[in-house]
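J.: Need coordinates for the below:
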Amino acid sequence: MKQNWFSLLLLVIVAVAVYFVVQTVQEGARQAQQAIQPLQQANSALQTQVSELLHPTPTVIPDPVTYIHEVRALARLETIQYSIEKVITAETGQGAFDFLFGDRLLFVAHGIVIAGIDMEKIQPEDMRLENGVLYVHLPPPEIFVATLDNEKSYVYDRETGLLTHGDVNLETTARQVAEVEIRKAAEEDGILEIARQNAEIFLQKFFQSLGYKTVIFE
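T.: Predicted coordinates for the structure are as follows:
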């Protein structure tokens, strides 16, 4: 009987000892974690600073002074708009040593071309009324806007030689060529003729609404 009580007491003592050991270990772990936490925060802050140094966010500061060089009234009748995509290849240093000094990029250009009639160019002698018929001579159609959509245009690929960092003006050159090519593509597709036809359709309805039943464009 005494042996049983002694065994039970021994088990209780062992259980209490284990409990205190576990509590001591957990408390030590918490203290260690609290001690390491400031170091972890400092390390995270240092990583953030290094990332900002290696990949800085550009700061754009517009000049607060604005110069307005010219203001003039416009009377343009825009009658057609094209949205064009063009792939431009720009390259320099190509040849036997292009793998060392070459620079080549593919630029995907998205552009907008707008054409129509400049109504300001119509003179009094360009319109005459004979026997109830209105004769109208319109000025030639023009391209008013031929520009890139910068939000949609991008450099698709670029390859530079082993001994060069690339031409800093190559993308600018590609953009300039892209604007010319976009305008050229619209002209070749007949944008000016469509602009003239649309202008005549619109102005015919306009003149008829003013009471001129028959309108002839010369």
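
J.: Quick check: Asp126 touching Glu120?
T.: No: using C-beta atoms under 8 Å, Asp126 makes no contact with Glu120, being 11.8 Å away. No exception for glycine: its C-beta is placed from N, CA and C like everyone else's.

J.: quick one: contacts for Lys213?
T.: Taking C-beta atoms under 8 Å, 6 or more residues apart in numbering, we find Lys213 in contact with Gly132.

J.: Please report how far it lies from Lys205.
T.: 12 Å (C-beta to C-beta, to the nearest Å).

J.: hey, where'd the strands end up in the protein?
T.: Chain-ordered strands for the chain, with DSSP state E as the definition, fall at 76-92, 103-118, 127-130, 133-136, 142-148, 154-160, 214-217.

J.: Relative to Thr172, which of those strands is closest?
T.: Proximity to Thr172 (C-beta to C-beta) singles out strand 76-92 among the strands of the chain, at 9.4 Å.

J.: Flag every buried residue along the closest one.
T.: 76-77, 79-80, 82, 84, 86, 88, 90, 92 (16 or more other C-beta atoms under 10 Å).

J.: quick one: low-confidence parts of this structure?
T.: 1-60, 62-63, 65-74, 95-101, 161-166 (pLDDT under 70).

J.: Phi, psi for the nearest residue to Glu218 once chain neighbours are set aside please.
T.: Of all residues beyond its chain neighbours, the one nearest Glu218 is His137 (4.7 Å), with distances taken as C-beta to C-beta, 6 or more residues apart in numbering. When read as degrees, to the nearest 10, the backbone of His137 gives phi -110, psi 110.

J.: can you check Asp189 too?
T.: Given degrees, to the nearest 10, the pair of backbone angles that Asp189 has is phi -80, psi 0.

J.: Can you give the domain ranges for this structure?
T.: 1-58, 76-217 (automatic domain parsing).

J.: Tell me the span between the first and last residue of the longest one.
T.: This points to domain 76-217. 18 Å (C-alpha to C-alpha, to the nearest Å).

J.: Leaving out the residues flanking it, which one is nearest to Leu105?
T.: In space, Leu105 is closest to Arg158, 4.1 Å off (C-beta to C-beta, 6+ apart).

J.: Look up which residues are beta-bridged to Phe217.
T.: On the basis of DSSP bridges, Phe217 is bridged to Val136.

J.: neighbours of Val168, just the number please.
T.: 8 (other C-beta atoms under 10 Å).

J.: OK, contacts around it?
T.: Not one residue lies near Val168 by C-beta under 8 Å, 6+ apart.

J.: Which residue ranges of this structure form helices?
T.: Residue ranges of the helices in the chain, as given by DSSP state H, are 2-54, 98-101, 170-188, 191-209.

J.: What residues are bridge-paired with Thr160?
T.: Asp103.

J.: mind checking how far it is from Leu105?
T.: 9 Å.

J.: ok, now Thr172?
T.: 11 Å.

J.: Which one's more surrounded, these two?
T.: Using other C-beta under 10 Å, the more surrounded residue of Thr172 and Leu105 is Leu105, with 21 against 11.
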